[in-house]
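Novice: build me a structure from this.
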Amino acid sequence: MPRSKKQTQEAGPSSKKRKAPSKKTSKQPVTYDDTKFETEGAWNKWETFVATPRVAYVKIVKEFYANIHDNLDNPKHPKYQQVYMRGQYIPFSLLAILRYYRLDNTENDIFQAATTNLHEVVTSICQGIDHWPDGSITLNYKCLLPQVRTLDKMVSANLLPTTHTSTVTMERARLLHWLQTKTLNIVDYIFCNV
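Specialist: Numbering: from 1, shown residues only. Next up is the predicted model:
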């Protein structure tokens, strides 16, 4: 027997989920701040580098990695520092990375994460702890110094991409330490890690 309109109305609110009101945020363009960067050119370089990555096309990323050949960094190979993608060779060199990020190749230190002492790493990037937690392969994100947390956001988005940011791996911790205490040839780091 069909329900009457009166019975339906008395049954209570509709079972359909209501949409939460949308939060409208006004996106203000970020502009050059002369209290943080000496020149507008310096700001423009970092603006590109620390920007949130755009949506990646997973299929193309997989093709790129699948097509990297063993002789990518062999100057004697005819396709030296080139990756075959969709019918053509794409330059993938230190110079190509420099151009993409609009950076100068002025930093010469070599990143040697494996040789960095973990005690030194923890004391330079953390507050409240002075040693790596026993038996753990990660640190809690909350123990990072405030300025290192900001740096970690950039590292997690651009250098060691991850969506799992509540903990910090040894590799990420060592990279954060290196960025805090030394200079780093970021272009060389990206090229070597790929």
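
Novice: give me the pLDDT for the closest residue to residue 145 other than its chain neighbours.
Specialist: Once flanking residues are discounted, residue 145 sits nearest to residue 127: 5.2 Å by C-beta to C-beta, 6 or more residues apart in numbering. From N, CA and C alone the C-beta is placed, and that goes for glycine too. With respect to pLDDT, residue 127 scores 91.

Novice: correct me if wrong: residue 127 contacts residue 147.
Specialist: No: between residue 127 and residue 147 there is no contact, the gap being 10.5 Å when judged by C-beta atoms under 8 Å.

Novice: related to what we said a few turns ago, distance check, the residue nearest to residue 145 against residue 140.
Specialist: Distance from residue 127 to residue 140, counting by C-beta to C-beta, to the nearest Å: 11 Å.

Novice: where along the chain do the helices fall?
Specialist: For the chain, the helices defined by DSSP state H cover 5-10, 40-50, 58-66, 94-101, 118-125, 146-154, 170-181, 186-193.

Novice: flag the shaky bits of the chain, pLDDT-wise.
Specialist: The chain contains residues with pLDDT under 70 at 1-37, 42, 44-50, 52-53, 103-116, 183.

Novice: how does it divide up, domain by domain?
Specialist: Listed by automatic domain parsing, the domain ranges of the chain are 32-105, 106-194.

Novice: just name the most buried of those.
Specialist: Most buried of the domains of the chain, by mean neighbour count (mean count of other C-beta atoms under 10 Å): domain 106-194, with a mean of 15.

Novice: for stretch 130-139, measure first residue to last.
Specialist: 12 Å (C-alpha to C-alpha, to the nearest Å).

Novice: list the contacts of that stretch.
Specialist: The contact list for stretch 130-139 (C-beta atoms under 8 Å, 6 or more residues apart in numbering) reads 118-119, 121-123, 126, 167-170, 173.

Novice: all good on my end, thank you.
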